[in-house]
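> here is a sequence together with a model predicted from it:
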Amino acid sequence: MTFLSVVESAHRRLRTRQEYHREETSKIWRGNFVIVAALGFLAWLGYGESKTYYHTIAELETLKGSSAEPKNAHRRTVAAGSIRHH
């Protein structure tokens, strides 16, 4: 085994380790991106759902379509004094 072949072999092993490290780092970044994108999408969905969950009295008078149907709980009559505020 010559000195040159030993150097070439060491260089090949070093390059292989660097390529492996680069691939692993790339996989980690891609995984992080997928997780952050999924959390962002879920946050966006939650924000959209929460915008229409409650209606003010003023909004109830202007609602039209399926939102204004009497099946909604906010259309029921509440007995005076039955709601306690803490």
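Arrived safely, thanks for sending. Remember, it's a predicted structure, so these values are computed and weren't measured experimentally.
> quick one: the helices in the chain?
Secondary structure of the chain (DSSP state H): helices located at 3-51, 57-62.
> could you tell me the least trusted of those helices?
With a mean of 74, helix 57-62 has the lowest mean pLDDT of the helices of the chain.
> ok so, going back, out of the helices of the chain, the one nearest His85 is which?
Proximity to His85 (Cβ to Cβ) singles out helix 57-62 among the helices of the chain, at 16.4 Å. Any C-beta I mention is one placed from the backbone N, CA and C, and that applies to glycine too.
> if we can go back for a sec, just put the helices of the chain in TSV and tack on mean neighbour count.
Below are those laid out as TSV (neighbours: other Cβ atoms under 10 Å):
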stretch	mean neighbour count
helix 3-51	10
helix 57-62	10
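> of all those, which one comes closest to Gly81?
Nearest of the helices of the chain to Gly81, taken as Cβ to Cβ: helix 57-62 at 18.5 Å.
> gap between the residue nearest the centre of the chain and Lys27?
When Cα atoms, centre = their mean is applied to the chain, the residue found nearest the centroid is Leu39 (1.7 Å). According to Cβ to Cβ, to the nearest Å, Leu39 stands 19 Å off from Lys27.
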